[in-house]
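1. pasting a predicted model and its sequence here:
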2 protein chains.
Amino acid sequence: MELRERLGEWRALVEQALERYLPTEEDEPTALHRAMRYSVFAGGKRVRPALLLEACAVAGGNPMQGLPAACAVELIHTYSLIHDDLPCMDDADTRRGKPTCHKAFGEAVAVLAGDALLTLAFEILAELPASGVDPTIALRVTQTIAHAVGSLGMVGGQTLDILYAAEQNDALTLEQLYTMHSLKTGRLIQAALEAGGLIADAPLAKQRALREFGRHIGLAFQVADDLLDVEGTEQSLGKTTGDAAKGKLTFPAVLGVEASRALAQQTAAKAVEQLAVFGDEADALRQLAWFVVNRKM
Amino acid sequence: MELRERLGEWRALVEQALERYLPTEEDEPTALHRAMRYSVFAGGKRVRPALLLEACAVAGGNPMQGLPAACAVELIHTYSLIHDDLPCMDDADTRRGKPTCHKAFGEAVAVLAGDALLTLAFEILAELPASGVDPTIALRVTQTIAHAVGSLGMVGGQTLDILYAAEQNDALTLEQLYTMHSLKTGRLIQAALEAGGLIADAPLAKQRALREFGRHIGLAFQVADDLLDVEGTEQSLGKTTGDAAKGKLTFPAVLGVEASRALAQQTAAKAVEQLAVFGDEADALRQLAWFVVNRKM
């Protein structure tokens, strides 16, 4: 099957499931639920869920058992975007071609919508056994994801991003750039792949391979994102561009565009190398890796 | 043992455990971890953890097994205070006699500290089996707490509070007041009591009794809080007082002070009634219920 078709199928599955998990727009408080749905159904590519589901499949698991965790990961990603866009953070007006959550619903409701999406993610994870996942594995998945997105992971990375943006860019090192992005973007992507391997109850060597694949692909994803930010126009990306112009620490700003392009390709190649243990079975995951670095949006 | 002494012992246990769970102030990003610790160790009474631990004990469980969940509940309570105090919400300058988190660390770090505390709570819950809790029970505790504090619970209640404050108080009904408070304050308190019963693996009748006790005591707690808000001075409460003056919906504002006092006492009495099934064993929980409504801070 073509990658695009396969991605489309995962995406449809994830969106149907998210539709079921989210309270309706009629549920009180309606403003809160409208804001949550507005941001969740804003046209995300669902890359993180696809990575989790592919990891689960390649490790010999049933992707349907991974679907709730895939939704949880997407809800966490959405919450992080809502909070990152707030006036006190990146102060972004548009996201995926639409007004950001706080522009559409006000700042208070946006903060609360983010809080509620994060909370819903953990409620869904706590219900993994209803999809046939062993309770001990469900708890390990929850622990892995929670650790990845907490103060020593994603939230820590966003804090560094904010703190660095307030400083002078040229005072910062490449190492700081790596650390910040591996936390802010890499950890959740890596956790999605680990979760897929855990739910498949894969042998340790395969779980390790998925974890390492996740580590590299998380970095490749962010370098590609920074490049799009430099090259893209607001129209094709659908978000306020120019992180670099805002004094944000980006790979092109530190390494230059050409070296960043090379880094993205090399890192994706390293990621794909980790998949040797799976043989041909991992072809869809390999294609997904290259899609992640070569995408134009 | 005297209630005050018993509360002091629970509090010491909870604070020692929180000390271990929270990253140190030296862990990167240090600003984030300082903000998290600043708010967690700001002198809270630890009423919710005490209720969880007492519920666990009265239901025949080992409170030491409940300690991680007690910490998780307190972290969730702390996150909710940090976000409620934000300029876009209640815009509070002081809390427990000290500058609020965003006043001390800036708005961005305060939002992120709240996010990280909520996430840490779920990481701790996912590790409950390390304290001897059965994995299936650990997941039920996680599910119960997550549901209680999500968009249909605590976060929903905070949303209603914000939305109602923007309207005219006299257009609102007593029923709306009950709904808002039962969500905003009641659900987490009720979940703490349910979690104690779940961890004790109590028979269903006792779990039901704890849940109903929790429902009533959550309301009594909030009515008492509103009364303190009217009667207290900023000095004795250590927080910006006068929710009523800000157009916030409070029980004294809707019912008057005398009727609110009567409601607090009656509701506490109803709560205590639920404890009959436990006999004398529940004396500490009974005392705690009366402490909650009669406290002066």
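-> Yes, it's here. Numbering: from 1, shown residues only, chains lettered A, B, ... in the order given.

2. how about the nearest residue to A:E54, chain neighbours excluded?
-> Closest residue to A:E54 apart from its sequence neighbours, by C-beta to C-beta, 6 or more residues apart in numbering or on different chains: A:L285 at 4.7 Å. Placement of C-beta: from N, CA and C, glycine included.

3. alpha carbons only: can I get the helix or strand encompassing A:V293 in PDB?
-> Per DSSP states H and E, A:V293 falls inside helix A:283-294. The C-alpha trace of helix A:283-294 is given here as PDB (Å, rounded to 0.1, in the frame of the first residue of the first chain):
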ATOM      1  CA  ASP A 283       9.000  -0.800   5.300                       C
ATOM      2  CA  ALA A 284       6.000   1.300   6.200                       C
ATOM      3  CA  LEU A 285       7.800   2.800   9.200                       C
ATOM      4  CA  ARG A 286      10.900   3.500   6.900                       C
ATOM      5  CA  GLN A 287       8.700   5.300   4.400                       C
ATOM      6  CA  LEU A 288       7.100   7.300   7.300                       C
ATOM      7  CA  ALA A 289      10.600   8.300   8.500                       C
ATOM      8  CA  TRP A 290      11.500   9.700   5.100                       C
ATOM      9  CA  PHE A 291       8.100  11.400   4.800                       C
ATOM     10  CA  VAL A 292       8.700  13.100   8.200                       C
ATOM     11  CA  VAL A 293      11.900  14.800   6.900                       C
ATOM     12  CA  ASN A 294      10.800  15.500   3.400                       C
END
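
4. packing partners of it?
-> Applying 3 or more C-beta pairs under 8 Å, 6 or more residues apart in numbering or on different chains; DSSP states H and E, we find helix A:283-294 packed against helix A:3-21, helix A:47-58, helix A:204-231, helix A:257-273.

5. between helix A:283-294 and the third one, find me the angle.
-> Same thing as helix A:204-231. Per axes from the mean of the first three to the mean of the last three C-alpha atoms, to 10 degrees, the angle that helix A:204-231 makes with helix A:283-294 is 30 degrees.

6. next: the first one.
-> Taking the same axes, to 10 degrees, helix A:3-21 and helix A:283-294 form an angle of 90 degrees between their directions.

7. A:L18 contacts A:V40, correct?
-> Yes - counting by C-beta atoms under 8 Å, A:L18 does reach A:V40; the two are 5.9 Å apart.

8. run a quick neighbour tally on the residue nearest to A:E54.
-> For A:L285, the number of neighbouring residues by other C-beta atoms under 10 Å in any protein chain shown comes to 25.

9. give me the pLDDT value at it.
-> On pLDDT, A:L285 comes in at 95.

10. show me the contacts for it.
-> Going by C-beta atoms under 8 Å, 6 or more residues apart in numbering or on different chains, A:L285 touches A:L51, A:E54, A:A55, A:V58, A:F213, A:L275, A:F278.

11. contacts only, for the fifth one.
-> If I follow you right, that is A:F213. Shown in contact with A:F213 (C-beta under 8 Å, 6+ apart): A:A55, A:L193, A:A271, A:V272, A:Q274, A:L275, A:L285, A:A289.

12. wait, the fourth one sits on A:R286?
-> Yes - the criterion here is C-beta under 8 Å, and A:V272 meets it with A:R286 at 5.2 Å.

13. picking up where we left off before, got JSON lines for the helices and strands packed on helix A:283-294, with distance to A:L32 and mean pLDDT too?
-> Listed next are the helices and strands packed on helix A:283-294 as JSON lines, based on distance: least, C-beta to C-beta, whole Å; pLDDT from 0 to 100:
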{"stretch": "helix A:3-21", "distance to A:L32": "15", "mean pLDDT": "96"}
{"stretch": "helix A:47-58", "distance to A:L32": "23", "mean pLDDT": "97"}
{"stretch": "helix A:204-231", "distance to A:L32": "29", "mean pLDDT": "94"}
{"stretch": "helix A:257-273", "distance to A:L32": "38", "mean pLDDT": "96"}
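
14. the residue lying closest to A:A110 once chain neighbours are set aside and A:I82: what is the separation?
-> Sequence neighbours aside, A:H102 is the residue nearest to A:A110 in space, at 3.7 Å (criterion: C-beta to C-beta, 6+ apart). As judged by C-beta to C-beta, to the nearest Å, A:H102 and A:I82 stand 8 Å apart.

15. next: A:N62.
-> 31 Å.

16. likewise A:I76?
-> Here A:I76 is placed at a distance of 11 Å from A:I82 (C-beta to C-beta).

17. A:T119 now?
-> Distance of A:T119 to A:I82, computed by C-beta to C-beta: 13 Å.

18. how about A:L22?
-> Going from A:L22 to A:I82 by C-beta to C-beta gives 14 Å.

19. these two: which has the busier surroundings?
-> Neighbours around A:L22 and A:I82, counted as other C-beta under 10 Å, are more numerous at A:I82. The numbers are 28 against 20.

20. was I right about the more buried one contacting A:A110?
-> Yes - taking contacts as C-beta under 8 Å, A:I82 lies within contact range of A:A110: 5.5 Å.

21. quickly list what's touching both of the two.
-> Common contacts of A:I82 and A:A110 (C-beta under 8 Å, 6+ apart): A:T100, A:C101, A:H102.

22. now the residues you listed in JSON lines, with neighbour count and secondary structure?
-> Formatted as JSON lines, the shared contacts of A:I82 and A:A110 follow (neighbours: other C-beta atoms under 10 Å in any protein chain shown; DSSP: H, G, I helix; E, B strand; the rest coil):
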{"residue": "A:T100", "neighbour count": "26", "secondary structure": "coil"}
{"residue": "A:C101", "neighbour count": "28", "secondary structure": "helix"}
{"residue": "A:H102", "neighbour count": "25", "secondary structure": "helix"}
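
23. sort out which one of these lies nearest chain B for me.
-> Top of the list for closeness to chain B, among the shared contacts of A:I82 and A:A110 and by C-beta to the nearest C-beta, is A:H102 at 8.3 Å.

24. could you report the neighbour count for the closest residue to A:A92 other than its chain neighbours?
-> Spatially, and ignoring its direct neighbours in sequence, A:A92 is nearest to A:D85 (4.2 Å; C-beta to C-beta, 6+ apart). Neighbourhood size, A:D85 [other C-beta under 10 Å]: 24.
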